[in-house]
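Colleague: quick one: sequence plus predicted model below, questions after.
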Amino acid sequence: MTGARDILTGAQSVIHARITRVQGSSPREEGAEMFITATAMAGTIGGGQAEWQALGRARDMLAQGDMRATLEIALGPEIGQCCGGRLRVALTRLGEHARAAHLARLETAARPHLLILGAGHVGRALARVAVTLPWRVVLVDTRADELAKAPPGVDTRLTPLPEAEIAAAPPASAYVVVTHDHGLDFLLTLAALRRKDAAYTGLIGSATKRARFARFARETDKFIDLSGLVCPIGAAGLGDKRPEVIALMTAQEIFTALHRVSPDVAVTAAQL
């Protein structure tokens, strides 16, 4: 899928479509945006016929040389949508300076960090899901051969001291510990919990592993707070141990946790 960076740095003319007003129920909120060229698009204002109308109007503008337009869209049965609200969409042809400003805004948008500590089957499966979401995804391992299998778009860190990556992460990061070694799992999970500012700390395993970790943690640090620990991760998978299922369910847990911390995370940033 074409990303916003490709569109904003490309040779084609660009229309910026942005929801500027919402009345009643709507599939997206004010500020949701798209970047549209004659052959590509990035972002979404909610899909369906409303987005199709905006896309069509933007391409008419590109063909006719128009600079600005406004759409008022009723989200009712006449366009096959049942939200019942109304949208106002502003469409603007972007000049060179405006394109640069949008690109700078998107590239500097704060994205929460997800550190996946362990690049085995589950770690890579989670990375494949997470890289499609509005997060900075970092896959950490001590093994170069496993990191070499990382999916495209994921930052990788080869290090003999993965706990240093935890220490260097920004506040409100998410940590998922899925290494090949139970002892290392325990040390890294403890390091994440000791930060006291994690949005999510997850440890792969079972109820038995959680109990063993709890004993280890309290013997190591009697003041440790275990209330923020998620173990096993991906519990909504109902015991399904396939990496893809664990990854999907864990991503949902992380998304919920990060949304609680930063509900205004810019989804568009993930499309760069």
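Modeller: Looks like it arrived, so ask away. Treat the numbers as computed from the prediction; the structure is a model and nothing was measured.

Colleague: for the rest of this, base every contact and every neighbour count on C-alpha atoms.
Modeller: Will do.

Colleague: pLDDT below threshold where in the stretch 1-150 of the chain?
Modeller: Applying pLDDT under 70 to the stretch 1-150 of the chain flags the ranges 1-2, 76-84, 108-110.

Colleague: if you set the cut-off to 90 instead, what comes out?
Modeller: 1-6, 23-29, 43, 46-50, 73-86, 103-111, 132-136 (pLDDT under 90).

Colleague: which residues in it form helices?
Modeller: 4-9, 48-64, 96-108, 121-130, 144-147 (DSSP state H, counting those that start in this stretch).

Colleague: need those in JSON lines with mean neighbour count and distance to Thr208, can you?
Modeller: Formatted as JSON lines, the helices of the stretch 1-150 of the chain follow (neighbours: other Cα atoms under 10 Å; distance: least, Cα to Cα, whole Å):
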{"stretch": "helix 4-9", "mean neighbour count": "20", "distance to Thr208": "45"}
{"stretch": "helix 48-64", "mean neighbour count": "17", "distance to Thr208": "47"}
{"stretch": "helix 96-108", "mean neighbour count": "14", "distance to Thr208": "42"}
{"stretch": "helix 121-130", "mean neighbour count": "23", "distance to Thr208": "19"}
{"stretch": "helix 144-147", "mean neighbour count": "16", "distance to Thr208": "27"}
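
Colleague: run a quick neighbour tally on Ile36.
Modeller: Ile36: 27 surrounding residues under other Cα atoms under 10 Å.

Colleague: how near is it to Trp52?
Modeller: 12 Å (Cα to Cα, to the nearest Å).

Colleague: which one, of the helices of the stretch 1-150 of the chain, ends up nearest to Thr250?
Modeller: helix 121-130 (7.6 Å; Cα to Cα).

Colleague: got the contact list for that closest one?
Modeller: By Cα atoms under 8 Å, 6 or more residues apart in numbering, the residues outside helix 121-130 that reach it are 116-117, 137, 139, 149-151, 154, 178-179, 243-244, 246-248, 250-251.

Colleague: for ChimeraX, write the selection for the buried entries among the residues you listed.
Modeller: Selecting only the buried members of the contacts of helix 121-130 in ChimeraX, with burial defined as 16 or more other Cα atoms under 10 Å, works like this:
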select :116,117,137,139,150,151,154,178,179,243,244,246,247,248,250,251
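
Colleague: so which of the contacts of helix 121-130 are in strands?
Modeller: Among these, the subset assigned to strands under DSSP state E consists of 116-117, 137, 139.

Colleague: of these, which pair is most distant in space?
Modeller: Most distant of those, by Cα to Cα, are Leu117 and Val137, 10.8 Å apart.
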